[in-house]
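1. This is the structure alone, sequence omitted:
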């Protein structure tokens with residue numbers, strides 16, 4: 001099971017990123033634990049200065065922008 005974290009303070013782009021991650025998971029039929037991280041101190045631990053950011057299995061895969069569904073699918077199928 002993949003461990004995915006959405007880093008962001010709850011802004012519209014962060015919510016859009018969450019929806020895109022969930023859509024990509026649904027399309028691929030992948031089971032994952034998706035967690036929203038809104039605490040700025042926790043976000044800083046990932047060395048992320050601009051949100052939204054997406055962390056998959058401990059690695060930051062996107063930061064500072066909203067990924068497309070196809071970009072997210074590519075990351076999830078690696």
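-> Everything's here; your move. Just so it is clear, the structure is predicted and the values come from calculations on it, not from any experiment.

2. ok, what's across the strand from the spatially most central residue of the chain?
-> Note on the chain: the residue nearest the mean C-alpha position is residue 54, at 2.7 Å, using C-alpha atoms, centre = their mean. In this entry, residue 54 is beta-bridged to residue 6, residue 62, by DSSP bridges.

3. If residue 2 is in a bridge, with which residues?
-> residue 32.

4. which residues touch it?
-> Contact partners of residue 2, counting by C-beta atoms under 8 Å, 6 or more residues apart in numbering, are 30-33, 56-57, 76. Every C-beta, even on glycine, is put in place using the N, C-alpha and C of the backbone.

5. just residue 47 next, same as before
-> Residue 47 neighbours (C-beta under 8 Å, 6+ apart): residue 60.

6. how close does it sit to residue 23?
-> 27 Å (C-beta to C-beta, to the nearest Å).

7. which residues of the protein fall in strands?
-> 2-7, 32-37, 53-56, 59-63 (DSSP state E).

8. Excluding chain neighbours, what is closest to residue 67?
-> Of all residues beyond its chain neighbours, the one nearest residue 67 is residue 20 (6.1 Å), with distances taken as C-beta to C-beta, 6 or more residues apart in numbering.

9. Kindly apply the preceding question to residue 1 instead.
-> residue 31 (5.1 Å).

10. And residue 56, by the same measure?
-> residue 4 (5.4 Å).

11. The one you found is in contact with residue 53, isn't it?
-> No: contact between residue 4 and residue 53 fails when scored by C-beta atoms under 8 Å: they sit 11.2 Å apart.

12. ok, the residue nearest to the centre of the chain to residue 25 distance?
-> 12 Å.

13. between these two, what contacts are shared?
-> By C-beta under 8 Å, 6+ apart, the residues touching both residue 54 and residue 25 are residue 4.

14. which residue ranges form the helices in this protein?
-> 12-28, 40-44, 69-76 (DSSP state H).

15. elements contacting the longest one?
-> Okay, so that is helix 12-28. strand 2-7, strand 32-37, helix 69-76 (3 or more C-beta pairs under 8 Å, 6 or more residues apart in numbering; DSSP states H and E).

16. Many thanks, we can stop here.
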